[in-house]
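**Q** Fold the following.
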Amino acid sequence: MKLGYHLGYWSSGPPPGAAEAVATAEELGFETVWTAESYGSDALTPLAWWGAATTRIKLGTGLIQMAARTPTAVGMSAQTMDHLSGGRFVLGLGVSGPQVVEGWYGQPYARPLARTREYIEIVRRVVAREEPVTFDGDFYQLPLQGGTGLGKPLKSTVHPLRRDIPIYLGAEGPKNVALAAEICEGWIPLFFSPASDGFYRAALEEGFARPGARCKPEDFDVAASVPVIVHDDVEQAAALIKPSLALYIGGMGAKQVNFHRDVFARMGYADVADKVQDLYLEGRKEEAVAAIPTSLVEDTSLIGPPEKIREELARWEETVVTTLLLRGDAAALRRIAAVLS
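**A** Numbering: from 1, shown residues only. You can find the predicted model right below:
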């Protein structure tokens, strides 16, 4: 199983020690380093800034929100990053949810799967640079229909370093996971659990079986962000993760549409997820954190003494996950890598 490093998105400012952590990840032989965006820091700028000091590690966006940029703009960014990194760029894309798409970006959210399919097709055409880009879809038209009439099919002025940049899709629901297997080179799950492996394996197999699927299962990368905390006390380790889980289950989505909450419900924690969500939305955040059982943390994380982590890692190695994305500072990455090696 490969290792990657996930910087995530910023909270109130740049994460301290990020440059050192990225350098450490490359030194330790990690396969990839990833950035993210929500409604604060963007994914591309930190990746270029800190990635400029690297020479080997692949640079991925985990992930770019599609509502933030037109597909041609993302194609331009992908070409640019690929040239600057010497062919090390990995494009991770995601839909996000209606709260962010409509509330922050002011874009429509309806029919996200169909929109994703069109978006990725346009990005691929921009990067391939085989002909001027035209597209007549339900969501995107190039040139624009009903405008001035002066729109002209264009081809990128930049010649591609690679005509086919790998694209990963962030997805949580089964239909979106199947779409990732059909049209992408990788899938970025959130809150993956070995207990849910059968559910996701079936969704991936459905996508792989579709006509024209891009990858065979053995060539497809599943890069899961998995909290790993080496600590002699399991409860104290779990306490470091519970606030983040409460935020996602309770506050990262509307009451009626929260895809993160749904992940834990499918995992068998529906009652817990509903309680956490109710408490969080009522502003009782500490109670929401306290309502998360340690078993839920252990289902989606690797925590505890080294021997416990090594023993539980065997379960992860039997799943569809092919890359573990780790978090933490440089010292934490060294400590975790020593345990996982």
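**Q** So Tyr168: helix, strand or coil?
**A** strand (DSSP: H, G, I helix; E, B strand; the rest coil).
**Q** For the closest residue to it other than its chain neighbours, list each beta-bridge partner.
**A** Closest residue to Tyr168 apart from its sequence neighbours, by CB to CB, 6 or more residues apart in numbering: Gly186 at 3.6 Å. Just so you know, the C-beta spots here come from the backbone N, C-alpha and C atoms, and that holds for glycine as well. Taking DSSP bridges as the rule, Gly186 bridges to Tyr168, Asp221.
**Q** Am I right that Gly186 is in contact with Ala224?
**A** No: the criterion here is CB atoms under 8 Å, and Gly186 misses it with Ala224 at 10.7 Å.
**Q** Show the pLDDT at the residue nearest to Tyr168.
**A** Looking at Gly186, its pLDDT reads 98.
**Q** do you know how far it is from Tyr39?
**A** 24 Å (CB to CB, to the nearest Å).
**Q** Pull out the buried residues from the helix or strand of the chain with the lowest mean pLDDT.
**A** Using mean pLDDT, DSSP states H and E, helix 259-264 stands out as the lowest-scoring helix or strand of the chain, at a mean of 87. Going by neighbour count (16 or more other CB atoms under 10 Å), the buried part of helix 259-264 is Phe259, His260, Arg261, Asp262, Val263, Phe264.
**Q** C-alpha coordinates for it, CSV please?
**A** Taking C-alpha atoms only, helix 259-264 is exported to CSV below (Å, rounded to 0.1, in the frame of the first residue of the first chain):
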residue,chain,number,x,y,z
PHE,A,259,-23.3,13.4,2.5
HIS,A,260,-20.8,12.9,5.3
ARG,A,261,-23.6,12.0,7.7
ASP,A,262,-24.9,9.5,5.2
VAL,A,263,-21.5,7.8,5.1
PHE,A,264,-21.6,7.0,8.8
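**Q** Which neighbouring elements make contact with that helix?
**A** Under the contact definition 3 or more CB pairs under 8 Å, 6 or more residues apart in numbering; DSSP states H and E, helix 259-264 sits against helix 270-281.
**Q** now for the helix it packs on, which elements pack on it?
**A** helix 234-246, helix 259-264, helix 285-290.
**Q** Comparing the ones you listed by mean pLDDT, which bottoms out?
**A** Ranked by mean pLDDT, the helices and strands packed on helix 270-281 bottom out at helix 259-264, with a mean of 87.
**Q** All the helices of the stretch 1-150 of the chain, residue numbers only.
**A** Here the stretch 1-150 of the chain has its helices, by DSSP state H, counting those that start in this stretch, at 18-27, 44-51, 71-85, 98-103, 112-128.
**Q** circling back to that earlier point, of the buried residues of helix 259-264, which is the nearest to Pro217?
**A** Val263 (22.1 Å; CB to CB).
**Q** This completes my enquiry, with thanks.
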